[in-house]
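[1] quick one, structure for this:
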Amino acid sequence: MALKVELGKKYSPVEAKAIVDRLYGLVRERWEAKVNQKPFMQQLMAGKLPLKTLQIFFRNWGAYTIEINTLTACTYHKNITFLKINRDLMGPIGEKIADEFIHPRPPGHFLVMLQTAQAFGLTEEEVFTTPMLSEFRGKIDFMRGIVYEGTAAEWYAAVTTEEQIGYWSAACYKALTTHYGFDREKATYFATHVEADLAEHEEGVMGHASFNRMALQRLLETGMADERPTYGLEYCAMTSVDLHGAMLRAAFEEAERQN
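    Numbering: from 1, shown residues only. A predicted model of the protein is given here:
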């Protein structure tokens, strides 16, 4: 049965948590099928993914991360009505957004992305000026559409993947340090995102995935978890997973095309 939210209903904390847990469970299952079990990750984990494929992927992923972080910052204003009602969340979301832009120093996580890009043999110019593969642009445009045309609940459903990206980053870090000669310094982007997405870090900043869960649960508890026809929580979450898988597949196929 599809996950469906009753418009305007104020769910109890127990009911709201159950809905959030169910959605995250669906995301976890979809991620396993659409990301972990596909050729890109299977070959990466076995140390058989060509360096050329990794370079194509990370050049596009680096460009993607710059834009997705700025979109996250835009949600503070877009969802300000929700935050005015739930003022206790203003501090945590402020810390979450600031974390992306001030650690390890301004302009933030962009710097650790560049450090790992350089370890892949990529230049800053390549990351900033090369057009993204269409699948990477498609994910950005989907997320941008959710921010500006969607609802707060649909946004927090779409970023349920941030939890899986934490685990995915751990898998990438393990593969790179085991099979590709990377150390923690070279693979710092992935190490940083294991910590940022899954754990309290940087002197008390809440794990990003934990905040996302909290925000979605609060939307359900306050009757603000609005869904649009043909979108909704489950659709946005599943599409976000599918598009991550499409990005990896695009890098894989582009490398094969260039060979």
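[2] could you measure from the residue most central in space within the chain over to Asp99?
    Central residue of the chain (Cα atoms, centre = their mean): Glu162, 3.8 Å from the mean position. Going from Glu162 to Asp99 by Cβ to Cβ, to the nearest Å gives 12 Å. Every C-beta, even on glycine, is put in place using the N, C-alpha and C of the backbone.
[3] pretty sure Trp168 is touching Glu32, no?
    No - the criterion here is Cβ atoms under 8 Å, and Trp168 misses it with Glu32 at 10.8 Å.
[4] of these two, who's got more company?
    Between Trp168 and Glu32, counting by other Cβ atoms under 10 Å, Trp168 is the more crowded of the two (21 against 12).
[5] quick one: that one is in a helix?
    Yes - per DSSP: H, G, I helix; E, B strand; the rest coil, Trp168 lies within a helix segment.
[6] quick thing: my sequence starts at 89, can you match it?
    Understood, numbering begins at 89; the last thing we discussed is Trp256.
[7] not counting its neighbours along the chain, what's nearest it?
    Val123 (6.7 Å; Cβ to Cβ, 6 or more residues apart in numbering).
[8] which residues touch the one you found?
    Contacts for Val123 (Cβ atoms under 8 Å, 6 or more residues apart in numbering) come out as Met129, Gln252, Trp256, Val329, His332, Gly333, Leu336.
[9] in helices, which of these appear?
    Using DSSP state H, the members of the contacts of Val123 that fall in helices are Met129, Gln252, Trp256, Val329, His332, Gly333, Leu336.
[10] ok, the nearest residue to Phe270 once chain neighbours are set aside to Arg110 distance?
    Excluding its sequence neighbours, the residue lying closest to Phe270 (Cβ to Cβ, 6+ apart) is Leu264, at 4.0 Å. Separation of Leu264 from Arg110 (Cβ to Cβ): 33 Å.
[11] next one: Pro195
    Using Cβ to Cβ, Pro195 is found at 37 Å from Arg110.
[12] got it, and Leu199?
    37 Å.
[13] try Arg337
    Distance of Arg337 to Arg110, given as Cβ to Cβ: 27 Å.
[14] now swap in Glu155 and tell me
    Per Cβ to Cβ, Glu155 is found 30 Å from Arg110.
[15] for Thr249, same thing?
    Separation of Thr249 from Arg110 (Cβ to Cβ): 16 Å.
[16] give me the more crowded residue out of those two.
    Using other Cβ under 10 Å, the more surrounded residue of Thr249 and Arg110 is Thr249, with 26 against 13.
[17] which residues of this protein fall in helices?
    Going by DSSP H, the chain shows helices at 101-119, 127-133, 139-166, 168-173, 178-190, 198-207, 212-217, 222-237, 240-246, 249-267, 276-286, 296-309, 320-346.
[18] report the inter-axis angle for the longest one versus helix 198-207.
    An angle of 170 degrees separates the directions of helix 139-166 and helix 198-207 when computed by axes from the mean of the first three to the mean of the last three Cα atoms, to 10 degrees.
[19] buried residues in helix 139-166?
    For helix 139-166, a neighbour-count test (16 or more other Cβ atoms under 10 Å) marks 141-157, 159-160, 163, 166 as buried.
[20] over to the last one?
    Judged by neighbour count using 16+ other Cβ under 10 Å, the buried positions of helix 320-346 are 320-343.
[21] and the ones in helices among the contacts of Val123 as a markdown table, adding pLDDT?
    Output for the ones in helices among the contacts of Val123, formatted as a markdown table (pLDDT from 0 to 100):
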| residue | pLDDT |
| --- | --- |
| Met129 | 98 |
| Gln252 | 93 |
| Trp256 | 95 |
| Val329 | 98 |
| His332 | 98 |
| Gly333 | 98 |
| Leu336 | 98 |
